[in-house]
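> Just to be clear, the model below is a prediction. Sequence and coordinates:
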Amino acid sequence: MEEITFIGKSMRIDKFLMQEFPSATLSEIFKWIRTGKVKVNRKKQKPGYKLNPQDIIHIFLSQEQIQGYHTKGIVHKTSFNVLYEDDDLLVVDKPPFLASQGGIGVNENNLVNQVAYYLTGEVTISLGNRLDKDTSGIIIIGKNPKINPLLYQLTKSRKIEKKYFALAIGRIKEKEGIFKDYLVKGTTNFMPVMKISNKDNELAKYCETEYKVVKHIKNYTLLELTLKTGRMHQIRVQLSSRGFPVLGDRIYGNEEENKKVSRNLKRQFLHASQVKFNHPITNKTLSLVTELPRDLKKTLEKIKTQ
């Protein structure tokens, strides 16, 4: 057991524990508070309890556990930008290199945990859409059990308009069009990938993407794409299968072309730039836009001057 006398400005017990035990996950901290392994003045409290000077905090963990959790580990911070927020909904601009949620090979510093930290409490979060770790852009997040099932239905019924910017290798001649395919899951080097299939394959799922050519830059095409379905790696696979892979894509892309821009571009040139939907509770139309991040802008400038 460890006993700590709180000194300083009033703050929430969960935030204090995050600072005191940087290697503990948010879920662990909430569990300690909920189960009474952390008490204030010998009483169980809620994560939102505000500590006052001279409060006595008791930590009912072994000395080995306490020592381990004191070790510097997980960084509790946020790296996303908030585009919209109300009591029920949060819409953020996710930076590249941040996983949307936890999973195999994903550390605790993912978007879901960052949002939990941002909301500073034991919350039930749901994602209205997901992005690959290396894809930047807009993600819609439900903040409570009231909106989460409504957000799920909104997503399932395809009532969220989602637009992306992508830079494809090669010059696409048609100014606009629609990609229609059937995709099936597979593996490459033990990694899950999507492959073009045919509609007779019972495991294949239909996917559809509208595209418009924004402009040609030398041997590249900047595209605005609108998802009509939301399959894993949909845009990347559909472009690659037509001979126009996304620049920087290490799975479906062109390795030689990727090397040409590797100094400035460390990921695929893909950005979720816009969403439009009706708020699941208020029915208010929300239209949110985010500009290309700095690394993608620099890549475009570099290509122009090559």
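Yes, it's here.
> Okay, now the unreliable bits of the chain?
Low-confidence segments of the chain (pLDDT under 70): 67-68, 70-76, 102-108, 121-123, 189-190.
> residue contacts, the residue most central in space within the chain?
Central residue of the chain (Cα atoms, centre = their mean): S100, 2.9 Å from the mean position. The contact partners of S100, taken as Cβ atoms under 8 Å, 6 or more residues apart in numbering, are 94, 110-112, 127, 130-131, 133, 139. Backbone N, C-alpha and C define where each C-beta goes, glycine included.
> and the gap between G142 and N201?
For G142, the distance to N201 (Cβ to Cβ, to the nearest Å) stands at 33 Å.
> ok, for the residue nearest to the centre of the chain, nearest residue in space, not its chain neighbours?
Excluding its sequence neighbours, the residue lying closest to S100 (Cβ to Cβ, 6 or more residues apart in numbering) is R130, at 4.5 Å.
> Repeat that for M1.
In space, M1 is closest to F60, 5.5 Å off (Cβ to Cβ, 6+ apart).
> What about the one you found, how many residues nearby?
Residues near F60, counting by other Cβ atoms under 10 Å, number 14.
> tell me the contacts of it?
1, 36-39.
> Among the residues you listed, name the buried ones.
Taking 16 or more other Cβ atoms under 10 Å as the criterion, what is buried in those is 37-39.
> Helix, strand, or coil at I33?
helix (DSSP: H, G, I helix; E, B strand; the rest coil).
> what's the burial count for the nearest residue to it once chain neighbours are set aside?
Nearest-residue entry for I33: P47, 5.2 Å, with adjacent residues in sequence omitted and distances by Cβ to Cβ, 6+ apart. Other residues lying near P47 total 20 when counted by other Cβ under 10 Å.
> isn't there a strand covering P47?
No: using three-state DSSP, the assignment for P47 is coil, not a strand.
> returning to that earlier point: can I get the contacts of S100 in CSV with secondary structure?
Below are these laid out as CSV (three-state DSSP):
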residue, secondary structure
K94, strand
N110, coil
L111, helix
V112, helix
L127, strand
R130, coil
L131, coil
K133, coil
I139, strand
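> If you rank these by neighbours, which is first?
Of all the contacts of S100, the most densely surrounded is L111 (26 neighbours; neighbours counted as other Cβ under 10 Å).
> Just confirm that residue contacts P95, I think it does.
No: applying Cβ atoms under 8 Å as the test, L111 and P95 come out as separate, 9.3 Å apart.
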